[in-house]
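> Kindly return the folded structure for what I paste below:
(chains A, B, C and D)
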2 protein chains.
Amino acid sequence: MNPIDIFKALSNETRLQILIWLKEPEVYFGTQKSADCKDVGVCVSLFHQRLQLTQSTVSEYLAILQRAGLVTATRIGKWTYYKRNEEMLQKVARYLGHDL
Amino acid sequence: MNPIDIFKALSNETRLQILIWLKEPEVYFGTQKSADCKDVGVCVSLFHQRLQLTQSTVSEYLAILQRAGLVTATRIGKWTYYKRNEEMLQKVARYLGHDL
DNA sequence: TTGACATATCGGATAATATCGATATATTAT
DNA sequence: ATAATATATCGATATTATCCGATATGTCAA
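Alright, predicted model coming up:
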């Protein structure tokens, strides 16, 4: 866990929004065809649909969140599914509440 | 509380260090003359002494932490004393642990 | 009032980040 | 093999952050 990378990843409105959407993927991305978003996560194009940003920017943002360890990625076929890494989120919360 | 400003403030090694030092000011800045650092905080020049950074940079970093609400400042005479805002730190920890 | 000192602010050079369009890569369907 | 689709990566540019030296402001002491 690298606090600097984590806080940088969190220093952006869109990336915070992505994390919030991923708390309840079935609410925000309900109609996902080939996989249950509850289990596997949400694919890049669904984020892209909801954001006024290019595909490349959305992909980059997800990569930033992943490098920080805040989300995990799973490739299935053509799609990459992202979901929250709750353990890391809790770790960061504890770091803030106790260590920092 | 503005999460973006807070996370930006936390996205810097030196500013994290300042917050950590401020957890135990008497340990890191024990010999402060005109005021008890436990109560009133730590003055800018003591941070400056411990950091390989100019006075202006240190002052700016403390201002960034203050604008984010992570520390509070008290001016007494020529000195400005900074101390942690524990309530805000706890708020951010809760935000991370529950809201985000 | 002047001088000395602590801190804050300003302007600038350089480095990092944001964001895009274009393109590359990987996978599946035909 | 080719085409279509999803995602990732690259290169460019614009914005933002870092960090400095110089200077301004505020406070106290003589």
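> contacts and neighbour counts: CA atoms only from here.
Noted.
> Around DNA strand D, pick out the residues from chain A.
Contact residues, chain A versus DNA strand D (Cα under 7 Å from any atom of the strand): A:43-46, A:55-57, A:59-60, A:62-63, A:78-81.
> Just these: which are in helices?
When the residues of chain A next to DNA strand D are checked against helices (DSSP state H), the matches are A:V44, A:S45, A:L46, A:Q55, A:S56, A:T57, A:S59, A:E60, A:L62, A:A63.
> Would you check which pair of these lies furthest apart?
Spanning the widest gap among these are A:L46 and A:A63, at 15.4 Å by Cα to Cα.
> Looking at these two, which one has more neighbours?
A:A63 (17 against 14; other Cα atoms under 10 Å in any protein chain shown).
> Distance check, that one against A:K83.
Using Cα to Cα, to the nearest Å, we find A:A63 at a distance of 12 Å from A:K83.
> can you count the residues close to A:R50?
A:R50 is flanked by 11 other residues according to other Cα under 10 Å.
> just A:L70 next, same as before
23.
> And A:R67, by the same measure?
There are 15 residues near A:R67, going by other Cα under 10 Å.
> Next: A:I76.
12.
> Contacts only, for it.
Contact analysis of A:I76 by Cα atoms under 8 Å, 6 or more residues apart in numbering or on different chains lists nothing.
> Dig out what it forms beta bridges with.
As for beta bridges, A:I76 partners with A:W79 under DSSP bridges.
> Show me what from chain A comes close to DNA strand C.
Selection of chain A residues close to DNA strand C by Cα under 7 Å from any atom of the strand yields A:8-9, A:11-12, A:14, A:52-57, A:60, A:76-78.
> Swap in 6 Å and give it another go.
A:N12, A:L53, A:T54, A:S56, A:T57, A:G77, A:K78 (Cα under 6 Å from any atom of the strand).
> The fifth one: neighbour count?
Neighbourhood size, A:T57 [other Cα under 10 Å]: 13.
> what's the spacing between it and chain B?
19 Å (Cα to the nearest Cα, to the nearest Å).
> next one: the last one
In this structure, A:K78 and chain B are separated by 29 Å, where distance is defined by Cα to the nearest Cα.
> where does that residue land on pLDDT?
Turning to A:K78, the model gives it a pLDDT of 96.
> That one: how many residues sit nearby?
Neighbourhood size, A:K78 [other Cα under 10 Å]: 7.
> and what of the fourth one?
Other residues lying near A:S56 total 11 when counted by other Cα under 10 Å.
> quick one on the thing from earlier: format the residues of chain A next to DNA strand C as JSON lines; extra columns: distance to A:F29.
Formatted as JSON lines, those follow (distance: Cα to Cα, whole Å):
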{"residue": "A:N12", "distance to A:F29": "21"}
{"residue": "A:L53", "distance to A:F29": "17"}
{"residue": "A:T54", "distance to A:F29": "18"}
{"residue": "A:S56", "distance to A:F29": "20"}
{"residue": "A:T57", "distance to A:F29": "19"}
{"residue": "A:G77", "distance to A:F29": "19"}
{"residue": "A:K78", "distance to A:F29": "18"}
